[in-house]
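1. build me a structure from this.
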Amino acid sequence: MAPCLSLFFLFFITFSAALTTPADSLPAFFPRAAYQSLIKQVKTPKPKIPFKTHYFPQTLDHFTFQPKSSKIFYQKYLINSYYWHKGAPIFVYTGNEGDIEWFAANTGFMLDIAPKFKALLVFIEHRFYGESLPFGKDSYQSAKTLGYLNSQQALADFAVLIRSLKQNLSSEASPVVVFGGSYGGMLAVWFRLKYPHIAIGALASSAPILQFDKIIPWSSFYDAVSQDFMDVSWNCYEVIKGSWAELEAMSTQKEALADLSKAFRTCKSLHSTASARDWLWTAFVYTAMVNYPTEANFLKPLPAYPVQRMCKIIDKFPSGATKLSRTFAAASLYYNYSRAENCFEIEHEVDLHGLHGWDWQTCTEMVMPMTCSKESMFPPSGFDFEEFAEQCQMKYGVLPRPHWITTEFGGEREDLNFLISLAWTENSESIEEIW
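-> Take a look at the predicted model:
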């Protein structure tokens, strides 16, 4: 990821996002997997989780009646019925941008409460992610196929699947509560809003439903990331803030790429100093996003309170050390806490969870402008929608619709009370939530 535009993510896109900073600064609209144009798609071992896998014959297009609309694809979903009996609640996770096993393996709360409610647990994979590919290997071929990837179609998928499941279980009286986190949390809120006759409630964790249009300041996300580090150590915040200038100065030197490759212990020689910057940027943003009070392995294996651990690394360096050497050491905690890496694949990061469809979503409806203020520990930058739209046009042949989400789902301040009455959104202060 890189200077300041779009994920979670984060945490995360495949083209240079439109900033008023230089063109090679590559921020993303929603923090997600960094610099995805270079990410290799690989198959990874599926986590062992207590669910049975099923596939539902899903309709391609729920909103038109063209001949192609009725095409069927098989949507993956997972079920845990260990505690359930007929008539008891059904808890549904509204899958977001990645393999559904990834989310099921990292959503322990639903498993924790299932015994008390005798609930059936269902995790539904989002269309165009994981194995739920409407056009198979050709699903990402062009805008003609990707045009069926949007939040409204995904919500309709959930609705159709849930109704069919209840009928097949002969348990149509079972109340349904939807759960989700990040983009999945947004989907949970919007599902309750659009399909109140199907779900009686929604629990949305870290759901940035206000990150659209100008509802909140565009700098909010990166200000919050910076505040997390500042709260731990002012020196830590200052070192990170000053490291970008050191990196920029180093990039003008004759042997910059060779020196950076050596300093950053890269597996292969760097082709751009921007790659080193993006690598650092991603580490700090993602660590703030998963600053949990316990060890976790959601994005990467990390210790409890990883922001504190990063700042401890920075603060322990001798006073004569460069800011860049300190930030590299801190970022290495994110990439190599397990100490399994002898070198870093900085320009060829592996996409372990199939996040690449998010690029399309940010270029169509998920326009979530993010900027960096002067108070941020990241270099100040702005957002140029015209430039962003031009890059989307070049990549996909489509133009973003920056106001569509608030038109379709609301979200302005006056809509908030209504939305909250439909779904409880949770942001735990105990883990310094940055969404």
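
2. and the helices in the stretch 301-435 of the chain?
-> 306-315, 323-336, 358-362, 385-396, 404-409, 413-422 (DSSP state H, counting those that start in this stretch).

3. indicate which one of the ones you listed is closest to P379.
-> Smallest distance to P379 across the helices of the stretch 301-435 of the chain (C-beta to C-beta): 13.3 Å, for helix 323-336. No exception for glycine: its C-beta is placed from N, CA and C like everyone else's.

4. still on that earlier bit, could you dump the helices of the stretch 301-435 of the chain into TSV and include mean pLDDT?
-> What follows is those, written out as TSV (pLDDT from 0 to 100):
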stretch	mean pLDDT
helix 306-315	98
helix 323-336	96
helix 358-362	94
helix 385-396	96
helix 404-409	94
helix 413-422	60
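
5. these: which one's closest to I72?
-> helix 358-362 (21.7 Å).

6. ends of stretch 141-158, what's the gap?
-> 24 Å (C-alpha to C-alpha, to the nearest Å).

7. tell me which element I162 falls in.
-> Element membership of I162 [criterion: DSSP states H and E] is helix 151-168.

8. next, the buried residues of that helix.
-> In terms of neighbour count (16 or more other C-beta atoms under 10 Å), helix 151-168 has its buried residues at 151, 153-162, 165-166.

9. can I get those in TSV including distance to G181 and pLDDT?
-> Formatted as TSV, the buried residues of helix 151-168 follow (distance: C-beta to C-beta, whole Å; pLDDT from 0 to 100):
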residue	distance to G181	pLDDT
S151	15	98
Q153	20	98
A154	15	98
L155	16	98
A156	21	98
D157	18	98
F158	15	98
A159	20	98
V160	23	98
L161	19	98
I162	19	98
L165	22	98
K166	24	97
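
10. which one of those is nearest to F383?
-> S151 (21.5 Å).

11. shouldn't the closest one be in contact with T364?
-> No. Checked against C-beta atoms under 8 Å, the pair S151 and T364 is beyond contact range at 9.6 Å.

12. all the strands of the stretch 201-350 of the chain, residue numbers only.
-> 201-205, 350-351 (DSSP state E, counting those that start in this stretch).

13. so after the helix or strand bottoming out on mean pLDDT in the chain, what's the next helix or strand?
-> The weakest-scoring helix or strand in the chain, judged by mean pLDDT, DSSP states H and E, is strand 40-41 (a mean of 44). Next helix or strand after strand 40-41 toward the C-terminus (DSSP H and E): strand 52-59.

14. after that following strand, which helix or strand is next? Please name it.
-> Immediately after strand 52-59, counting by DSSP H and E, sits strand 72-80.

15. partners of that following strand, with directions?
-> strand 52-59 (antiparallel), strand 120-124 (antiparallel) (DSSP bridges).

16. and of these, who's closest to K254?
-> strand 120-124 (52.9 Å).

17. work out the gap between the helix or strand just after the closest one and the centre of the chain.
-> For strand 120-124, the following helix or strand on the C-terminal side (DSSP H and E) is helix 143-146. Relative to its parent chain, helix 143-146 has a centroid offset of 22 Å by C-alpha atoms, centre = their mean, to the nearest Å.

18. buried ones in helix 143-146?
-> Buried-residue list, helix 143-146, by 16+ other C-beta under 10 Å: 145-146.

19. with stretch 68-80 instead?
-> Those would be 73, 75-80, for stretch 68-80 by 16+ other C-beta under 10 Å.

20. just curious, which of these is nearest to P50?
-> N80 (5.5 Å).

21. skip the chain neighbours and tell me the closest residue to the closest one.
-> Nearest non-adjacent residue to N80, counting by C-beta to C-beta, 6 or more residues apart in numbering: L121, 4.1 Å away.
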